[in-house]
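# Sequence and predicted structure, then a few things I'm wondering about:
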Amino acid sequence: MATSPITKPLQHVQTKHIRIIGVPLDLGQSRRGVDMGPSAMRVAGLESKLEALGYEVEDGGNIPVALAETKSEGDPNAKYLKEITETCSKEAELVVKTLEAGKIPVVLGGDHSIAAGTVSGVAEFYRHKNQRIGLLWIDAHTDINTPGSSPSGNVHGMPLGAIMGLFESPLTDLYGFSPKVQPDNCVLVGIRDVDNHERENIRRSGVHVFTMRDIDERGMRSVMEEALRLAGRGTVGYHVSLDLDWIDPEDAPGVGTPVWGGATYREGHLAMEIIADHGRMLSFELVEVNPVLDERNQTAELAVELALSAFGKKIL
């Protein structure tokens, strides 16, 4: 029987303990419903299915989140930035505590602005060990806008800009250091929809980008192997931030900003399986599942399936 070559892991993450953290934040974008994403993924059986892989799983519940109806959007160039920062700060603290307890954080969004909190918490934990982390950003979008470049003012288009320290704000300055990840260890995969000013932000930041054209021409295995090499070079491991709009809308209709031409169902699983083969994932998050726009919870179920592949589920 022919099998695909398995990359030997450079360093296995040993723990078999997972803590699920829900962050039902929808303040970072304008299409309502993504706040129900954590519930949809729980309904799809995330906890029990991870347990079936041999993990001990604790559900840590949801981070408290402000309601848009009760708050002013504030600066139109960075709407609800104060409330988003407060949520990300609470989230980062729980991520740190999760890692201190020897557990892997699995964070469920919510919109992608929560990544500023997740990455800050992971980076802070390892910074105290004099270690740095890598970041694998798997998304249709670069999310590297700033309040000065964003055409919409929606903060879910800015988390990578905050993580990379491209603008000054309390969100950028969580834990008092910036950038949270060195540019050479930050890798974007599957990009296919970029705002005009984001192109300059990409060049200015120095991060690595693999577009859907790279995947089309080189294949998913080649791209993922190089992406993981870059994210892992000189780091203790990497955080994986997976936006479900990375998958083509045919397979993942329940997202707020769908873009045609994305990864297929099998390409998505292959990417996650390769991450599992390498064994260096420190933390994982799934964002932008919007049940209001979904069909029979299809996208949430796919999100759970992809998480299982990232945590080691195999065909044989």
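Nice, thanks for sending it over.
# For the residue nearest to the spatial centre of the chain, give me the backbone phi and psi.
Closest residue to the average C-alpha location of the chain: S241 at 1.8 Å, with Cα atoms, centre = their mean. Backbone geometry at S241, expressed as degrees, to the nearest 10, gives phi -110, psi 110.
# which residues touch it?
Applying Cβ atoms under 8 Å, 6 or more residues apart in numbering to S241 gives the contacts 112, 115, 118-119, 135-139, 285, 287. Just so you know, the C-beta spots here come from the backbone N, C-alpha and C atoms, and that holds for glycine as well.
# go on, L136?
Neighbouring residues of L136 by Cβ under 8 Å, 6+ apart: 187, 189, 227-228, 231, 238-241, 275.
# how distant is the helix or strand harbouring it from the center of its chain?
Here L136, judged by DSSP states H and E, is contained in strand 134-138. Relative to the chain's own centre, strand 134-138 is displaced by 7 Å; criterion: Cα atoms, centre = their mean, to the nearest Å.
# before we move on, the earlier item: from the contacts of S241, which would you call buried?
112, 115, 118-119, 135-139, 285, 287 (16 or more other Cβ atoms under 10 Å).
# returning to what we had before: show me what the mean pLDDT comes to for the strand holding L136.
Taken as a whole, strand 134-138 has a mean pLDDT of 98.
# Over to stretch 220-238?
For stretch 220-238, the per-residue pLDDT averages 98.
# Show me the contact partners of it.
4, 7, 10-11, 13, 126, 129, 131-136, 184-187, 189, 208, 210, 214-215, 263, 267, 270-271, 274-275, 278, 280-282.
# can you rerun that using 7 Å?
Contact with stretch 220-238 is made by 7, 10-11, 13, 126, 131-136, 185, 187, 189, 208, 210, 214-215, 267, 270-271, 274-275, 278, 280-282, as judged by Cβ atoms under 7 Å, 6 or more residues apart in numbering.
# Mind pulling up the pLDDT for S4?
You'll see S4 listed with a pLDDT of 38.
# same question, the one 4 residues further on
K8 is assigned a predicted lDDT (pLDDT) of 38.
# Show me what the helix or strand following the strand holding L136 is packed against.
Next along the chain after strand 134-138, taking DSSP H and E as the criterion, comes helix 159-163. Judged by 3 or more Cβ pairs under 7 Å, 6 or more residues apart in numbering; DSSP states H and E, helix 159-163 is in contact with helix 115-127.
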